[in-house]
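My questions are about this predicted structure, shown below with the sequence.
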Amino acid sequence: MHTSTPPPDEEETGTAAQDLPAPPPAVARPVVVIPCSATKRPVPDGRKIPAEELYQGLYFTKCLTAARAIPGGRVLILSGRFGLIAPHTRITTYEQRLNPRDVDHAKHRAQVDAMGRAVRHAPEVIALAGKDYADAVAAVWPHAVRPLAGAGIGVQLQRLTRIAEAADPRAAALAYATAAAAR
């Protein structure tokens, strides 16, 4: 089912996402940041493969699908070990979750600076991630929006599916972020 804005979450009350005004058109290519995954494809030690192939968890897969559905979106993965990387970046397997008490924000800012002005000064950043990862994204881009904020894992997965399947995934993500921020 394709809709221009997402239907309300089953467990939500208050302003439904579809009751919010349509977002303005994107002025530049949006940056969409997603988290890494604890579930990884088995690979021999030391062998590097693209991050998008290494991470195998359901949450990661849903985040990546939703992020890629946003037209023109530049997708970045926030890795617990490697920081902010492109999905095609070749990395080795590891076991390290992002620790919210020990996030290297300076490293993340330096990585973004190295990606160029369009990324560093992106006027629109969408954090398709849970709280710890979205907080780390907001430390780099304070204006980042959080479509999954305040929702439990089940509702987050529903939102990710609805964003991916929406006729306008960007509008759906921004509608969820606006509804979450209004709470």
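It's in.

CA only for contacts and neighbour counts going forward, please
Fine.

which secondary structure elements does the helix or strand bottoming out on mean pLDDT in the chain contact?
Counting by mean pLDDT, DSSP states H and E, the chain has its least confident helix or strand at helix 117-120, which shows a mean of 92. Judged by 3 or more CA pairs under 8 Å, 6 or more residues apart in numbering; DSSP states H and E, the packing partners of helix 117-120 are helix 105-115.

Name the nearest residue to the residue nearest to the spatial centre of the chain, sequence neighbours excluded.
The residue lying closest to the centre of the chain (CA atoms, centre = their mean) is Leu128, at 2.5 Å. Once flanking residues are discounted, Leu128 sits nearest to Ile34: 5.1 Å by CA to CA, 6 or more residues apart in numbering.

who's in contact with that neighbour?
Phe60, Cys63, Leu64, Ala67, Val75, Leu76, Ile77, Leu78, Ala127, Leu128, Ala129, Tyr133 (CA atoms under 8 Å, 6 or more residues apart in numbering).

still on that earlier bit, residues in contact with the least confident helix or strand of the chain?
Arg29, Val31, Val112, Asp113.

Please pick the buried ones from these.
Arg29, Val31, Val112 (16 or more other CA atoms under 10 Å).

just the strands in this structure please.
Taking DSSP state E as the test, the strands found in the chain are 31-35, 49-50, 74-79, 83-85, 90-91, 125-127.

quick one: low-confidence ranges for this protein?
Scanning the chain for pLDDT under 70 picks out 1-27.

redo that, cut-off 50
Filtered on pLDDT under 50, the chain yields the residue ranges 1-4, 7, 10-16.

quick one, helices of it?
All helices of the chain, identified by DSSP state H, fall at 51-54, 58-69, 105-115, 117-120, 131-140, 153-165, 169-182.

ok, back up a step: pipe the buried ones among the contacts of helix 117-120 into a markdown table and attach distance to Asp45 per row.
Output for the buried ones among the contacts of helix 117-120, formatted as a markdown table (distance: CA to CA, whole Å):
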| residue | distance to Asp45 |
| --- | --- |
| Arg29 | 36 |
| Val31 | 31 |
| Val112 | 28 |
